[in-house]
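*Asks:* For reference, the sequence and a predicted model appear below.
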Amino acid sequence: MTPAFHLFNSNRSYLNLRHYLRLCHYTTTTPPSIAKQLQEHHRHQHNRTKPLLSSLESKSHQPLISLIKSCTQKSSLLQIHGYLIRNSLLHYPTISLPFLSRMALSPIHDIAYSRQFFSQIPNPSVFLYNTLIRAYSMSNSPIEGFLMYQEMREKGLRADPVSLSFVIKCYIRVCSLIGGEQVHARILSDGHQSDSLLLTNLMDLYSLCDKGSEACKVFDEMPQRDTIAWNVLISCYMRNRRTRDVLIIFDGMLSGEFGCEPDDVTCLRLLQACSNLGALEFGEKVHGHIVERGYDNATNLCNSLIAMYSQFGNMDKAFDVFKGMHNKNVVTWSAIISGLAMNGYGREAIGAFEEMLKMGVLPDDLTFTGILSACSNCGLVDKGVVIFARMSKEFGIVPNIHHYGCMVDLLGRAGQLHQAYQLIMSMRVKPDSTIWRTLLGACRIHRNVILGERVVEHLIELKAQEAGDYVLLFNLYSSVGNWEKVTELRKFMKEKGIQTTPASSSIELKGKVHEFVVDDVSHPRKVEIYEMLDEICKQLKIAGYVAEITSELPNLDAEEKKYVLSYHSEKLAIAFGVLATPPGTTIRIAKNLRICVDCHNFAKLLSGVYNRQVIITDHTRFHHFRGGHCSCNDYW
DNA sequence: GTTATTTCCT
């Protein structure tokens, strides 16, 4: 079988299907070398083989079926199709079904041809329909899948759970909730409510259609739940931001109370959950499990580990994972480059990029997003401009909105506001609000009111203005002392009812989240916290800290401003961190809004004076303070 | 016949 098949599949110019089937006949009893000789023989006697075939055709279809099942090339299947027609073999389901599977599914996946083949079959069975519906569920026209399903039912054929599974897949592709509900009803009416696999599919459909509660209901009604069902529930929870519950599920799986264990997919999703939550300890636990189960060979899991540790600001661990990998792909390199970039190791990120090229790994668009953000985070303007040019010239990558975003940030923060504006205007893609917002932030840093106003106009044009944009503009006016505009804008915001989000900072200690707002007095340890904050201010003043009056509150006099600034939520959270953790512990704070200049200075000095690493994530940036410096290199 | 595919500008 094998040598004959090999000859057939690789050398079809010499052999046709008839020869092949004859070879199969011989090679069951003849060694491969003889089969090869036979092939030579038939090459010379191409047209004199017919009489020999008649005996074969009456025999079992088994060699033909085996051949079909192992076909990987469409050309081979086309030959077989002709043979099937000539010999009236289409009505044999044992032949037509494997044929359709090969033609319709990957790797060949020729849907049009499959449909044509299907139409030639006299009375297609449910299995044939299923195969075609399955193929449609993976194609660009999933709608055809449920049309086939309808056709099948109109012909009086009864859909089995497999048909329904693939119909669900089709509905998933187009996010059809109504379709899902219909299939759900059919599942119940046909008595398939104990088919866990089918129900898992249905759950996935509900979850993807934003019907988390329906998905959960299906899950609850399942008679038994395997790891995959739990994984789908985890995905559903993550889509609905129930990230905390994902961690609970993982614990439940580990404890054995669910009767199934976490697999590699579970771990992958959990790493994402931990990254989102900033749950460092839990992430380490998942890492432990990955090692224990031997999943640490899986490149995708290691890549996620690198991303997670980078997000925690723990580049040592990220690097450990990186070093231990044997199969580093583009994603691996991109992950470590982005990790270094966001932690302020710009030059190391560029070093990693060069190393990657040396190893012969081709960068993709996301690699460049990482490397360009490294340049913008560290103020490596010239380097960034060179790499941006190389990207399209040398690697043929057309810059996307993210790349432009990095460049606007890079030029803008470096004070080259005009170049940044020119770059946006020259973009082939339509600038989005993020791009303009980036430039607005840069205008705020460099106090460029004229450009700032123009940028706001662009935001208004996009109908994308947010409260935060007005705050930026507000701060921009006040930073140059334009009180007239400040008052005007404040009035405008009041009239329009523009609500600014109150700032808050949170810090996690031993699994408990402590949240602070400006002037917060709700914490049980508030007295100690305020004492600690005073003490810190005293120490920092010795080191040269001067509270920056950002003039964000024009009605207050200088003394009052200083007072208010001292009690920004991030300062309270930092003071609590210093108070409640042993010396040297890294303090991690999540902030809902942009950190202000003063708090940035405060944290920077504190990281040196108190020898503490401070990591503050706000909605725009990741600040890693250590040894009196910040990863954003003061391109705040 | 089922889940997840990792890296991403403010």
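*Replies:* Ah, there it is. Residues are numbered from 1 along each chain as shown, chains lettered A, B, ... in the order given.
*Asks:* ok, longest helix in chain A?
*Replies:* helix A:526-542 (DSSP state H).
*Asks:* tell me which residues in that one are buried?
*Replies:* Across helix A:526-542, burial judged by 16 or more other Cβ atoms under 10 Å covers A:Ile529, A:Tyr530, A:Met532, A:Leu533, A:Ile536, A:Cys537, A:Leu540. Glycine gets a C-beta too; all of them are placed from N, C-alpha and C.
*Asks:* Send me that helix as PDB with only the CA atoms.
*Replies:* Extracted C-alpha coordinates of helix A:526-542, given in PDB (Å, rounded to 0.1, in the frame of the first residue of the first chain):
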ATOM      1  CA  LYS A 526      -6.000  56.100  57.800                       C
ATOM      2  CA  VAL A 527      -4.200  57.700  60.700                       C
ATOM      3  CA  GLU A 528      -1.100  55.600  60.100                       C
ATOM      4  CA  ILE A 529      -1.300  56.200  56.400                       C
ATOM      5  CA  TYR A 530      -1.400  60.000  56.700                       C
ATOM      6  CA  GLU A 531       1.500  59.900  59.300                       C
ATOM      7  CA  MET A 532       3.500  57.800  56.900                       C
ATOM      8  CA  LEU A 533       2.700  60.200  54.000                       C
ATOM      9  CA  ASP A 534       4.000  63.200  56.100                       C
ATOM     10  CA  GLU A 535       7.100  61.300  57.000                       C
ATOM     11  CA  ILE A 536       7.700  60.300  53.300                       C
ATOM     12  CA  CYS A 537       7.200  64.000  52.200                       C
ATOM     13  CA  LYS A 538       9.800  65.100  54.800                       C
ATOM     14  CA  GLN A 539      12.300  62.500  53.600                       C
ATOM     15  CA  LEU A 540      11.700  63.400  50.000                       C
ATOM     16  CA  LYS A 541      12.100  67.100  50.600                       C
ATOM     17  CA  ILE A 542      15.600  66.400  52.000                       C
END
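*Asks:* So what touches it?
*Replies:* With contact meaning Cβ atoms under 8 Å, 6 or more residues apart in numbering, helix A:526-542 is reached by A:520, A:523, A:545, A:566-567, A:571-572, A:574-576, A:578-579, A:602, A:605-606, A:609-610.
*Asks:* centroid residue for chain A?
*Replies:* Nearest to the mean C-alpha position of chain A, counting by Cα atoms, centre = their mean, stands A:Gln272 at 9.0 Å.
*Asks:* Would you mind measuring from it to A:Thr438?
*Replies:* Counting by Cβ to Cβ, to the nearest Å, the separation of A:Gln272 from A:Thr438 is 26 Å.
*Asks:* ok, now A:Gly180?
*Replies:* Counting by Cβ to Cβ - A:Gly180 and A:Thr438 are separated by 40 Å.
*Asks:* ok, the residue of chain A found nearest DNA strand B - contacts?
*Replies:* Closest residue of chain A to DNA strand B, Cβ to the nearest atom of the strand: A:Gly405 (2.0 Å). Shown in contact with A:Gly405 (Cβ under 8 Å, 6+ apart): A:Thr434, A:Ile435, A:Thr438.
*Asks:* State whether the last one and A:Gly412 are indeed in contact, as I suppose.
*Replies:* Yes. Taking contact to mean Cβ atoms under 8 Å, the distance of 6.3 Å between A:Thr438 and A:Gly412 places them in contact.
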